[in-house]
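[1] Need the 3D shape of this:
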Amino acid sequence: MAEPVEFTAENPWRDREVHFDIGNKLIALTRGEFVIDHLDQVEDTKGNNGISGTLTVTNLRLIWTNKKRSNINLSIGLRNVVSIQVKPVESKLLGNVKALWIMCKHKQSKYQFIFTHLVPGSPRLFTTVPAVHRAYASSTLYRDVKIRAPALIRDGAIEPLPQEEVYDALEGVSNLSGEKGELGRFIVTNIRFIWYSEQNPLYNVSCPYYTVSHIGGRQSKFGSAVVVKLAGAAGALNLGFRCDPPKRMAKLLKMMQRLHRVYHITPLLGIEAEVEEQPTEDLMPENVPDDDVEIVQQDKVDTMAAYFSSDSSGTTGRDPVFSAELGLAIEPLPAGVSLQDLWRVQ
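    Prediction:
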């Protein structure tokens, strides 16, 4: 089966990873990402208490940047956010004030971030961030692979998403994930493709192009097949489908590759938001001292350690492991951190 021109999409990491002090190219917005709100005079109270910066809220993540040193920054994917609370905190710039506490999880590590808006009386930090996170959490079909989703098929048809257009629906397409392959219905839209078994609609998969790295043709034990490779941030799995005759499958492959390529020019990520314009005087801080402090450069482990967090019970929820180096049981270390690194944390 002839394969059209190859196309590999960018790894969709921005909404599902937490990063510290990354370069400008990674801080820059990607295609489909847009700014929902931009708040000046926001203190990163947990890791940079006493230092003012800017908090940019996008449809994929939260970006905090030190206003004097742009290489000191945070990128927090909305998918990593576990909880958001408003609680008091001690700020070096404003004293005891209410702040936004954000609990996050990335891989095996938990992080806590605390942001304080240095504009007295402004509710924007407390309203915008939770609202955007709720919108993100309620639109996962645009960005996440769903398997055996109970509400995906209703009365033999899919429930189209806002802005979703169905381009084709094919009968007799086999899902090759099992030993024998399972026949079903294959639906191709401008946002995703969906396969489900007509015998058992609960046996289904919804795969948005956002998570797809590459679509190509390959030989399998069932013969020629359409193979969908998911991006690393989505698990790096392969999904296989086939149908007869070969010309029909070649047409399906070409259509999927074209829609995949077009989608990544202007991705539809499922979040639409508008923020009302704020009067200029409302954005000016009152009686906030100039944070003219010396910034000591820290290594990556020191930076991450400032945000490490335990759960409410004081534990991380992970079983202890034996450390041959210490000769005793310890809490599992976060990814990329060694015992030597912990001794160096200041």
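
[2] Now find how far off-centre stretch 27-40 is within its chain.
    Centroid separation between stretch 27-40 and its chain, computed with Cα atoms, centre = their mean, to the nearest Å, is 14 Å.

[3] Over to stretch 41-60?
    19 Å.

[4] Make residue 1 into 37 and carry on from there
    Sure thing, new numbering starts at 37, so read that last one as stretch 77-96.

[5] can you map out the strands along the stretch 37-186 of the chain?
    Counting by DSSP state E, counting those that start in this stretch, the stretch 37-186 of the chain has these strands, from start to end: 54-56, 71-80, 88-94, 97-102, 109-113, 117-127, 131-142, 145-153, 182-183.

[6] Hmm, Phe43 is touching His296, no?
    Yes: shown here, Phe43 and His296 form a contact pair, counting by Cβ atoms under 8 Å, at 6.7 Å. (C-beta placed from N, C-alpha, C; glycine too.)

[7] So between the two, which is more surrounded?
    His296 (19 against 14; other Cβ atoms under 10 Å).

[8] part of a helix, is the more buried one?
    Yes: under DSSP: H, G, I helix; E, B strand; the rest coil, His296 sits within a helix.

[9] Quick check, pLDDT for it.
    His296 is assigned a pLDDT of 97 by the prediction.

[10] With Met320 instead?
    At Met320, the pLDDT recorded in the model is 37.

[11] Equivalent analysis for Gly83, please.
    So Gly83 comes in at 90 (pLDDT).

[12] where does Ala272 fall, phi/psi-wise?
    Phi and psi for Ala272, reported as degrees, to the nearest 10, are phi 60, psi 30.

[13] That one against Leu266, yeah?
    Yes: using Cβ under 8 Å, Ala272 makes contact with Leu266 at a distance of 6.0 Å.

[14] Out of these two, name the residue with the larger neighbour count.
    Leu266 (18 against 11).

[15] who does that one bridge with?
    Using DSSP bridges, the beta-bridge partners of Leu266 come out as Val248.
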